[in-house]
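A.B. asks: Any chance you could fold what I've pasted below:
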Amino acid sequence: MQITSTNQNASRIMPRFSRERLAFAAILLLAVFLHFFRLEQEGFANFYYAATVKSMLTNWHNFFFASFDPGGFVTVDKPPLGFWIQAGSAALLGFSGLALLLPQALAGVLSVALLYFLVRRVFGIGAGLIAALALTLTPISIAANRNNTIDGLLVFTSLLAAYAAMLAAERGKLRWLMACAILVGIGFNIKMLQAFMVLPAFFALYFFAAPLAWWKRLAHLAVATIVLAVVSFAYIAVVDLTPANARPFIGSSRNNTMSELVIGHNGISRLGVFANLFGLRATNNAPQIAQLPAPKNQPAPPQSKQQPQPKNQFAPPAPPNAPQSAPRGPNDENGAPDALRLFNKQLGGQASWLLPFALIGIIAAAWQMRVRLPLAREHQSIILWALWLVPQLIFFSWAGLIHRYYLEMLSPAIAALVGAGVAAMWRDDREKKWRGMLLPFALIITALVQIALLAEYPEWGKWLTPVVAVSIVGALALFVLKFAHRLFNLQSLISGFSLVALLIAPAAWSLTPVLSLGDSGLPFAGPELLTRARPPQNANANAIGDARLIEYLKANRNGARFLAATLNANTAAPIILATGEPVMALGGFSGRDEILTTEQLAARIAQNDVRLFLLPAQQPNELARWIAQNCASVPRNAWSDAARPAIGPNSAQELYRCGG
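C.D. replies: Okay, here's the model as predicted:
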């Protein structure tokens, strides 16, 4: 009898278990499709980062310091770990655009699986599946993970840290808290201070939930902070203690140190109005970024940045002096800082489709049980995801120098709270509790926000808005059925259709980077990607002036260490990718880094470090003016098609030969 009973129980359990596995497998397959389908069309994506990885593969010195160029002149303006991972992929698979993109795409799929596990272990199977699906259909996650920006790697690392923080809080074990600190420190070595945005969630979770005396919790947090500092800043200390003449210049820093890069370009300059609150002054390029002809990571003009970059071909981005059809700065990409910034046209379609539902989900999930100490798992998880989400909402609403793909950091918390909220609201609805009214309320509010976002895109809105409106109709029906009896199956069907209706618009946005070319410099998702004309397949190989320029540079190098020098990394990157030769970016990424004085440059020319300089015709700084005054201008017809400019349309470049 016992065996029969066990077999009967197993037969009842297996179908549900199989349905769960099938649903999870279907979500993972969808994530794989969105991340990997036609990934090769993105080519090298961001040339600045691709050239860095190519340079890192030339020797261990460049690898360790993440040198932008093979000559070890200047570093990339990020920590090295994300690019070490890309370099490892390229070393295994061969250097190609696809090899550079695979780590981010894989991290995106693994993040979906990990988030499912984290939500399922607390809120149940249904919540985990909904959270995984919501993350899969977050448009900015797809756009960023199909690029060689490294935010996807940071998100995956942060989710691993979240798991360690959960275990630490549940068990009160220092070793798990230290594991969390180590993982956050690893994230810091991927994207610096952006990794610390989740620290309030992790530390607050341990302080309020760990089953230990308060003094022991504080002691553990102090130890974890020390571990975090060591892991985070060990690399910075090594680099800053290395003599400046034994390493590359630290790109985008003011004083050639990694510590200033953290505080300045990747720190205070990102704060915007928050800097004023603390009496700080934004540094580096942040205040002037709107004046820069080519914003960071974005080749210009728009028509050249969207060209595909097949392996062994290149279509260089326009140089910094190229005129723009419309200046693009932080406000143009993100909209003006205010409380509703995340719902504007620029940002709303990236990660905010389900944000209202997630915020309501915090309330619904927190009210499932009375708060008691020690905190239940559900309340611990709500603390973690709410404190992951809310501080970042405030920051991104008012921050200064940010890009749309940074919003990928919001996506796990939004997805987790949507899953937890649906499970909680559905439970309340089934139990006929008054809180069950939250489900139709959340559906209506979220649908109205989505309709407002779609109003910015009339062509898409005319067919997506009626679909979203299904959720409003379903919610109204749920209000009516709330007072009916024995209609649970009908309520389940209506709730399901209403939730699916809310996923259609983000799904459509998520498809746009797959069906078209993503933005190589500043990844985003949206209908704008589909309106850009796809260039001919041979456009890169036949880029005007490029082949002749490179031929001239090689023929007239005269044994110089560097093939050529340019003002900035955007102009140097395509030449590095095409040749694998050292190209000196005199001013780092933006052209504003003060790396060499005129005397130091003259000395380098004298020792045959560099002879050829590709610079804007209008010299923007003292170094460029010195070159124009002291070096010979090379006739354009010697190195380019005289009828059209080289290195991108509308650019006015001049080539100079120095030192004979």
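A.B. asks: Which residues are in contact with Leu100?
C.D. replies: 44-45, 49-50, 53, 86, 89-90, 148 (Cβ atoms under 8 Å, 6 or more residues apart in numbering). Placement of C-beta: from N, CA and C, glycine included.
A.B. asks: any chance of those in JSON lines, with secondary structure, pLDDT and distance to Asn256 too?
C.D. replies: Formatted as JSON lines, the contacts of Leu100 follow (DSSP: H, G, I helix; E, B strand; the rest coil; pLDDT from 0 to 100; distance: Cβ to Cβ, whole Å):
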{"residue": "Phe44", "secondary structure": "coil", "pLDDT": "94", "distance to Asn256": "28"}
{"residue": "Ala45", "secondary structure": "coil", "pLDDT": "93", "distance to Asn256": "28"}
{"residue": "Tyr49", "secondary structure": "helix", "pLDDT": "97", "distance to Asn256": "21"}
{"residue": "Ala50", "secondary structure": "helix", "pLDDT": "97", "distance to Asn256": "24"}
{"residue": "Val53", "secondary structure": "helix", "pLDDT": "98", "distance to Asn256": "23"}
{"residue": "Gln86", "secondary structure": "helix", "pLDDT": "98", "distance to Asn256": "25"}
{"residue": "Ser89", "secondary structure": "helix", "pLDDT": "97", "distance to Asn256": "30"}
{"residue": "Ala90", "secondary structure": "helix", "pLDDT": "97", "distance to Asn256": "28"}
{"residue": "Asn148", "secondary structure": "coil", "pLDDT": "95", "distance to Asn256": "26"}
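A.B. asks: Give me the buried subset of those residues.
C.D. replies: Neighbour counting by 16 or more other Cβ atoms under 10 Å classes 44-45, 49-50, 53, 86, 89-90, 148 among these as buried.
A.B. asks: looking at it, Ile402 is touching Gly335, isn't it?
C.D. replies: No - in this structure, Ile402 is not within contact of Gly335 by Cβ atoms under 8 Å, at 10.9 Å.
A.B. asks: who has more neighbours, the two?
C.D. replies: Neighbours around Ile402 and Gly335, counted as other Cβ atoms under 10 Å, are more numerous at Ile402. The numbers are 21 against 18.
A.B. asks: Relative to Leu153, how far out is that one?
C.D. replies: Remark: distance between Ile402 and Leu153 (Cβ to Cβ, to the nearest Å) = 18 Å.
A.B. asks: same thing with Ala477?
C.D. replies: 43 Å.
A.B. asks: What of Ile85?
C.D. replies: From Ile85 across to Leu153, the span is 6 Å (Cβ to Cβ).
A.B. asks: okay, and the common contacts of the two?
C.D. replies: Common contacts of Ile85 and Leu153 (Cβ under 8 Å, 6+ apart): Pro103.
A.B. asks: Who has more neighbours out of the two?
C.D. replies: Leu153 (25 against 20).
A.B. asks: Can you check the pLDDT for the residue most central in space within the chain?
C.D. replies: Nearest to the geometric centre of the chain sits Asp151, at 3.4 Å (Cα atoms, centre = their mean). What the model reports as pLDDT for Asp151 is 96.
A.B. asks: my read: it touches Glu408, true?
C.D. replies: Yes - when contacts are counted by Cβ under 8 Å, Asp151 is listed as touching Glu408 (4.7 Å).
A.B. asks: Find residues that contact each of these two.
C.D. replies: Shared contacts of Asp151 and Glu408, defined by Cβ under 8 Å, 6+ apart, comprise Ala144.
A.B. asks: Leu342 is in contact with Ala399, isn't it?
C.D. replies: No - contact criterion Cβ under 8 Å: Leu342 and Ala399 do not qualify, at 11.0 Å.
A.B. asks: okay, the contacts of Leu100 in CSV with distance to Leu34 next?
C.D. replies: Formatted as CSV, those follow (distance: Cβ to Cβ, whole Å):
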residue, distance to Leu34
Phe44, 21
Ala45, 16
Tyr49, 22
Ala50, 22
Val53, 24
Gln86, 20
Ser89, 20
Ala90, 23
Asn148, 17
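A.B. asks: Give the other helices and strands that whichever strand or helix holds Val155 contacts.
C.D. replies: Assigned by DSSP states H and E, Val155 falls within helix 151-171. When contacts are defined as 3 or more Cβ pairs under 8 Å, 6 or more residues apart in numbering; DSSP states H and E, helix 151-171 packs onto helix 81-93, helix 97-123, helix 139-145, helix 174-191, helix 199-209, helix 377-398, helix 411-430.
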